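[1] okay, predicted coordinates and the sequence, questions at the end:
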Amino acid sequence: MKNKQTFVATLKIKTDEGNFLACYSPFGLARLDFPGATEARAQKSEVRNQRSETPVMRWHELTTRAVCCALQGRPMAAKPPMDLSNGTVFQRQVWAALQDIQAGKTETYSRVAASLKKPKAARAVGSACGANPVPLLIPCHRVVAAHGGLGGFSGGLHWKRKLLGREAAE
């Protein structure tokens, strides 16, 4: 069973789309939640707000800029350090592969599995996408079903459609 991650700061990112919730561990951005999705879930985690911590505030500035770029369908100049330590080895491999998918492009779950030399692991790739703690910055919205379907998305299919549409319009 995974360890419960401790956050040193949980900060909102206000956008025209609503408030995202960024949760930081001592090592970087550990979770990014879509507007309205999980304010209650954040309260279940141990949270200490330390707004004066310089690294967290620097990370939050990077996170805020990256979120704004992603929402506009633009490439991110920089991302904050991310703490993905709560993921399994396989999940972290999938999340690394997702970051290689260019904006405006999509890959299928089976192609991502094949790129990891695990051609029969398409469902496991889908599960890893669903477990992605920072789905806006690690672009699991760019992974689709093999026969043209959208597949799933932890932020909801309306977000997946919106993000893909904005990236294609760039």
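    Yep, that arrived.

[2] any weak-confidence spans in the chain?
    Counting by pLDDT under 70, the chain contains low-confidence ranges at 1-4, 37-54, 169-170.

[3] what packs against the helix or strand hosting residue 128?
    Counting by DSSP states H and E, the element that carries residue 128 is helix 122-130. Contacts defined by 3 or more Cβ pairs under 8 Å, 6 or more residues apart in numbering; DSSP states H and E place helix 122-130 against helix 89-98, helix 109-115, strand 143-144. From N, CA and C alone the C-beta is placed, and that goes for glycine too.

[4] could you name the helices and strands sitting against the longest helix along the chain?
    Of all the segments of type helix in the chain, defined by DSSP state H, the longest one is helix 54-71. The elements that helix 54-71 packs onto, with contact taken as 3+ Cβ pairs under 8 Å, 6+ apart, are strand 9-15, strand 18-25, strand 28-33, helix 157-169.

[5] return stretch 12-29 as PDB; C-alpha atoms alone will do.
    The C-alpha trace of stretch 12-29 is given here as PDB (Å, rounded to 0.1, in the frame of the first residue of the first chain):
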ATOM      1  CA  LYS A  12      -5.100  27.700  -5.200                       C
ATOM      2  CA  ILE A  13      -4.400  28.800  -8.800                       C
ATOM      3  CA  LYS A  14      -7.200  31.100  -9.900                       C
ATOM      4  CA  THR A  15      -8.000  30.900 -13.600                       C
ATOM      5  CA  ASP A  16     -11.000  31.900 -15.800                       C
ATOM      6  CA  GLU A  17     -11.800  28.200 -15.800                       C
ATOM      7  CA  GLY A  18     -12.000  28.100 -11.900                       C
ATOM      8  CA  ASN A  19      -9.600  27.400  -9.100                       C
ATOM      9  CA  PHE A  20      -7.100  24.600  -9.500                       C
ATOM     10  CA  LEU A  21      -5.600  23.200  -6.300                       C
ATOM     11  CA  ALA A  22      -1.800  22.600  -6.200                       C
ATOM     12  CA  CYS A  23      -0.400  20.500  -3.500                       C
ATOM     13  CA  TYR A  24       3.300  20.600  -2.700                       C
ATOM     14  CA  SER A  25       5.500  18.100  -0.900                       C
ATOM     15  CA  PRO A  26       9.000  19.000   0.400                       C
ATOM     16  CA  PHE A  27      10.200  17.800  -3.100                       C
ATOM     17  CA  GLY A  28       7.900  19.600  -5.500                       C
ATOM     18  CA  LEU A  29       4.400  19.600  -7.000                       C
END
